[in-house]
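# missing the sequence, but the structure's below:
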């Protein structure tokens, strides 16, 4: 009898030593993460008025997304709605606030991807679609294609009753003056171009059904030529979503994000190397992108609502909230707010 008691005691002790694993039912019901661009954002060069304006608009977009998620909206609709809020604001380099090309025009890009089916849609180089993210969603949902560009994308948008505007709609004095300062210089000041190419917006949402969606929208780079297209409309570079791993939206120097397939690489590290979201995002942004010369950042969510906000620049406009009541809005590095 004493041996039986000892055996039972040893079994109980062994089980008590097992690491605690979070119950699957404790998964966050829904979550939302947003970015408004990464770049030279510091306390010294972002005045109080600008800071308050950025924070207010990010909070507006965040609250709109949370309202939809709490009312059972799907993540695709949430991502589109949140990005539309940011596209309609002149504060960001997307939609109304898009930067100007070398030729004094605006050329906008956007993409969206859904993590259950891996279906995706994007538009590039458009100049008359009021909300490019809406066109990207239409491409994803009702066309046989992934990426449409320029006049073809505009024709598709018009045929599907999206709002078409005169290109003058995108004019904002601050963005135009940025172009003028560059053009007036003798030669190109690469630092000024670097500072003015950020402001891309993005959103990743996890809905109650467990579907992850990611989307990104941008006006590209100030002074860009020859119909240049960056990473924002490129699936796997600026945007990626897969329910089993994560959803990612990127912002930064697009050429590098394309070369290193940044958004997909984060997902691949999770799937094939067993990294969690934070580890994978940090590895790509700091260990791969930065040594290669690529500046920028990413936001992401995994299937449990865990988030990542990694950037290798002085700051990144960002926000996060979930069904548990957690909420944060930030611009600068942690500890500098």
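Great, that's in hand. This is a predicted model, so every value here is computed, not measured.
# When you work out contacts or count neighbours from here on, use the C-alpha atoms and nothing else.
Fine.
# just how off-centre is stretch 69-86 within its chain?
Taking the mean of its C-alpha atoms, stretch 69-86 sits 13 Å from the chain's own mean (C-alpha atoms, centre = their mean, to the nearest Å).
# hmm, who's touching that stretch?
Under the contact criterion C-alpha atoms under 8 Å, 6 or more residues apart in numbering, stretch 69-86 has outside partners 30-31, 36, 57-58, 60-62, 64-65, 68, 92, 94-95, 114, 131, 133-134, 137, 201-209, 211-217, 323.
# mind showing which ranges of the protein have poor pLDDT?
Scanning the chain for pLDDT under 70 picks out the ranges 1-26, 175-176, 178-198, 335-337.
# change it to 80
Scanning the chain for pLDDT under 80 picks out 1-27, 173-198, 335-337.
# which residues in it form helices?
Under the criterion DSSP state H, helices of the chain are mapped to 2-16, 48-70, 75-87, 132-142, 150-159, 173-184, 190-196, 254-259, 262-273, 277-282, 290-292.
# And the last one, what does it pack against?
Right, the one you point to is helix 290-292. Helix 290-292 is packed against no helix or strand, with contacts defined by 3 or more C-alpha pairs under 8 Å, 6 or more residues apart in numbering; DSSP states H and E.
# What of the fifth one?
On a contact count with 3+ C-alpha pairs under 8 Å, 6+ apart, helix 150-159 meets strand 120-126, helix 132-142.
# Could you measure from residue 31 over to residue 324?
Distance, residue 31 to residue 324, by C-alpha to C-alpha, to the nearest Å: 9 Å.
# Okay, buried residues for stretch 305-325 please.
305-323 (16 or more other C-alpha atoms under 10 Å).
# For that stretch, measure first residue to last.
End to end - C-alpha to C-alpha - stretch 305-325 spans 12 Å.
# what separates that stretch from the chain centre, distance-wise?
10 Å.
# OK, contacts around residue 206?
Applying C-alpha under 8 Å, 6+ apart, the residues contacting residue 206 are 30, 31, 32, 75, 212, 213, 301, 303, 305.
# and which of the residues you listed is nearest residue 284?
Within those, proximity to residue 284 (C-alpha to C-alpha) peaks at residue 301, which comes in at 15.4 Å.
# can you pull the contacts of the closest one?
Counting by C-alpha under 8 Å, 6+ apart, residue 301 makes contact with 31-33, 204-206, 212, 246-248, 277, 307-308.
# burial measure for residue 160, as a count.
13 (other C-alpha atoms under 10 Å).
# The closest residue to residue 280 other than its chain neighbours and residue 97: what is the separation?
Excluding its sequence neighbours, the residue lying closest to residue 280 (C-alpha to C-alpha, 6 or more residues apart in numbering) is residue 266, at 5.2 Å. Going from residue 266 to residue 97 by C-alpha to C-alpha gives 29 Å.
# So what's the residue count around residue 173?
Applying other C-alpha under 10 Å, we find 11 residues neighbouring residue 173.
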